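Q: model this:
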Amino acid sequence: MVLRAVRYGLAGVVVVYILLLAGVFAAQRSFIFDASDTGGKLNEPGTIAIAGSTRVTIATSDGEKLAGWYLPPKNKDGLVFLFFHGKGGGLERKKWRWERIANHGEGVLAFSYRGFPGSTGSPSEEGLFEDARAAFGWLSDKHKPETIVLHGLSLGTGVAAKLATEVKARALILEAPFAALVDVAGERHPYFPVSLLLWDQFRTRDYIGSVKMPLMIAHGDKDSAIPLEQAQELFRLAPEPKQFVTMPGSDHNTLVRDGLYEHIWKFLE
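A: Numbers count the residues shown, from 1 in each chain. So this is what the prediction gives:
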């Protein structure tokens, strides 16, 4: 009787685990791409993410349309950042970032990935890579490659780094990066076979060695989302020239507040 109860109990645990696994597998992209984070604000007519910018639409090679905001540099040959946002987008909430760029006289093109507010389609790793190519193509029609700075934040670091293996640009900046998203997910959820289940693995460590432009990695030593060791591993695998900036006391989303752009300006000089 006891043995039968134990068997039923174990069978129940297995069934619950399988159901939980199936649910996580089906919903995994909603965890990686938080496309609802801005609450649809970027779909509203007249919404401007960057003060003084122009709202633009970028067409991708596979038929999607990306919402973008373009602010030209003050000088014709000034620097212009191509910004790749993190998992939640939220471009309209990053005014302190845009102000630092504008006040320095530089330009920026920030765009919303496919499936994020203002853009069509559904997000995926390969889809975001295609979005990056389209955004770079749009920007390089207006600016020389040597004036374009690729800047990725968190999830966007995997996208920016991939693009940096395919194009020529002034520099690559990775803010709070991971070596591989699948590794971070695996560490957080050791009870799931993450490497077998994850569709969008963003293995930046596999292609960072092919980057052929100056690289700067910045990471907070108190980052609660992506361990500092992830960024250090990525830096170790990257080719020269490269620079690593450890931001003492900074968390995942506080690097701008804590002086990131002071390091960026020095690096770009």
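Q: neighbouring contacts of stretch 234-243?
A: 174, 177-179, 204-205, 208-209, 211-212, 214-217, 244, 267 (Cβ atoms under 8 Å, 6 or more residues apart in numbering). Just so you know, the C-beta spots here come from the backbone N, C-alpha and C atoms, and that holds for glycine as well.
Q: Can you pull out the low-pLDDT segments for the stretch 51-200 of the chain?
A: 182-200 (pLDDT under 70).
Q: Going by residue numbers, what spans are helices in it?
A: Counting by DSSP state H, counting those that start in this stretch, the stretch 51-200 of the chain has helices at residues 95-103, 125-140, 155-164, 181-188, 194-197.
Q: picking that back up, from the contacts of stretch 234-243, which land in strands?
A: When DSSP state E is applied, the contacts of stretch 234-243 are split such that 174, 215-217, 244 fall in strands.
Q: Make a markdown table from the residues you listed and add distance to residue 155 and neighbour count to it.
A: Below are the ones in strands among the contacts of stretch 234-243 laid out as a markdown table (distance: Cβ to Cβ, whole Å; neighbours: other Cβ atoms under 10 Å):
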| residue | distance to residue 155 | neighbour count |
| --- | --- | --- |
| 174 | 11 | 31 |
| 215 | 18 | 24 |
| 216 | 18 | 23 |
| 217 | 15 | 23 |
| 244 | 20 | 16 |
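Q: what residues are up against residue 263?
A: Contacts of residue 263 (Cβ under 8 Å, 6+ apart): 216, 218, 245.
Q: What sits closest to residue 77 if chain neighbours are left out?
A: Leaving aside its sequence neighbours, residue 77 sits nearest to residue 147 (Cβ to Cβ, 6 or more residues apart in numbering; 6.0 Å).
Q: check contacts around the one you found.
A: Residue 147 touches 73, 77-80, 170, counting by Cβ under 8 Å, 6+ apart.
Q: Kindly report the same for residue 266.
A: Counting by Cβ under 8 Å, 6+ apart, residue 266 has no contacts.
Q: and it, how far is that from residue 93?
A: 26 Å (Cβ to Cβ, to the nearest Å).
Q: show me what contacts the residue nearest the centre of the chain?
A: In the chain, the residue lying closest to the centroid (Cα atoms, centre = their mean) is residue 156, at 1.2 Å. Neighbouring residues of residue 156 by Cβ under 8 Å, 6+ apart: 83-86.
Q: Give me the nearest residue to it, chain neighbours excluded.
A: residue 84 (3.1 Å).
Q: My read is that the one you found contacts residue 161, right?
A: No - Residue 84 is beyond contact range of residue 161, at 9.4 Å (criterion: Cβ atoms under 8 Å).
Q: Can you lay out the contacts of residue 263 as JSON lines showing pLDDT and distance to residue 116?
A: JSON lines is the format used below for the contacts of residue 263 (pLDDT from 0 to 100; distance: Cβ to Cβ, whole Å):
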{"residue": "216", "pLDDT": "98", "distance to residue 116": "26"}
{"residue": "218", "pLDDT": "98", "distance to residue 116": "24"}
{"residue": "245", "pLDDT": "98", "distance to residue 116": "28"}
